[in-house]
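Colleague: when you get a sec, could you give me coordinates for this:
(one chain, ligands or ions: 1)
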Amino acid sequence: MAFIEFENVEKKYIVGDLAITAVDDCSFSIEKNELVVILGPSGAGKTTVLNLLGGMDSPSDGNITVDGNEIHKYNKKELINYRRNDIGFVFQFYNLVENLTALENVELACQICPNSLDPKTILEKVGLSERISNFPSQLSGGEQQRVAIARAVAKNPKLLLCDEPTGALDSVTGQRIIELLQKNCKKMGMTTVIITHNTVIADVADKVIKIKNGTVKDIIINKNPKKAEEIVW
Ligand SMILES: Nc1ncnc2c1ncn2[C@@H]1O[C@H](COP(=O)(O)OP(=O)(O)OP(=O)(O)O)[C@@H](O)[C@H]1O
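Modeller: Numbers count the residues shown, from 1 in each chain. The predicted structure follows:
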């Protein structure tokens, strides 16, 4: 069994009298330490898939297994613990706490996690040793995203989930963020899933899962993924 098994997953949202199927009979697997890109157009169901993987939402049907645990069977409390201990999230718009410094933002996430890493060391690793006392408003978009990555990584999660992490950044800054995520995945052995609609980013992945209309259209294994330094968009 792979580290992650997504088997015939369906997610329906009921809005008034309407049932919207966001994810439909979707199946894929992810190995430990793999860097995976989920690629697809707007509305394809990428964020829904990521939310299901991260225990932010539960499937209407199908099975989701992560590290041998059947998370589709988790109750609310188990989902809270799963999100807290096993998942690191990186969002498009960083979602930092504005009145806390970079260091405090990372410390806050670490406080609730039993296996967390040293916040200062992780901020150094993302290249922010000089900026740990700065507030988010004093940092550039790329720097804020580095803090957000440090915050997610310092929890020492089993799985790092990134929803359009370069979506708000210019291409050079975005490429550096992908470089950081790729290095972190390989050096720390942290299984990483990146959602994007940018096809160029797919070249750095070990595996590319193409999603359309809520279902998997294609899965590509990159035997020789590009180094993030080599991609430009
Ligand atoms: N909470 C919700 N209630 C109702 N419909 C939803 C909900 N969340 C998502 N959807 C619908 O499910 C479909 C998939 O949405 P999702 O956000 O997963 O797509 P996406 O691929 O991430 O798109 P984007 O790239 O634009 O963010 C869309 O049609 C969306 O409108």
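
Colleague: what's the helix or strand for the residue most central in space within the chain?
Modeller: Geometric centre of the chain, nearest residue: L161, 1.3 Å, by CA atoms, centre = their mean. L161 belongs to strand 159-163 when assigned by DSSP states H and E.

Colleague: neighbours around S129, how many?
Modeller: Here the number of neighbours of S129 (other CB atoms under 10 Å) works out to 11. Every C-beta, even on glycine, is put in place using the N, C-alpha and C of the backbone.

Colleague: okay, the angle between the longest helix seen in the chain and strand 159-163?
Modeller: If you go by DSSP state H, the chain has its longest helix at helix 171-188. Angular relation of helix 171-188 and strand 159-163 on a 0 to 180 degree scale: 170 degrees, by axes from the mean of the first three to the mean of the last three CA atoms, to 10 degrees.

Colleague: now find how far off-centre the helix or strand following helix 171-188 is within its chain.
Modeller: Elements were assigned by DSSP H and E; along the chain past helix 171-188, the next helix or strand is strand 191-196. Computed by CA atoms, centre = their mean, to the nearest Å, the chain-centroid distance of strand 191-196 equals 5 Å.

Colleague: ok, strand 191-196: who's next to it in the sheet?
Modeller: According to DSSP bridges, strand 191-196 forms sheet pairs with strand 35-39 (parallel), strand 159-163 (parallel).

Colleague: and that strand, average pLDDT?
Modeller: Across strand 191-196, pLDDT averages out at 97.

Colleague: please list the residues of the protein that sit near the ligand.
Modeller: Contact residues, the chain versus the ligand (CB under 6 Å from any ligand atom): 13, 15, 20, 22, 40, 42-48, 197.

Colleague: what do you get if the cut-off is 8 Å, keeping everything else the same?
Modeller: For the chain, the residues in contact with the ligand (CB under 8 Å from any ligand atom) are 11, 13, 15, 20-23, 40-51, 163-164, 195, 197, 211, 214.

Colleague: which residues touch the longest helix of the chain?
Modeller: Helix 171-188 is contacted from outside by 33-35, 90, 125-127, 140-142, 145-146, 149, 153, 160, 162, 165-166, 169, 190-192, 194, 201, 204, 227-229, 231-233, using CB atoms under 8 Å, 6 or more residues apart in numbering.

Colleague: pull out the buried members of those residues.
Modeller: 34-35, 90, 125-126, 141-142, 145-146, 149, 153, 160, 162, 165-166, 169, 190-192, 194, 201, 204, 228, 231 (16 or more other CB atoms under 10 Å).

Colleague: among the contacts of helix 171-188, which are located in helices?
Modeller: K125, G141, G142, Q145, R146, I149, V153.
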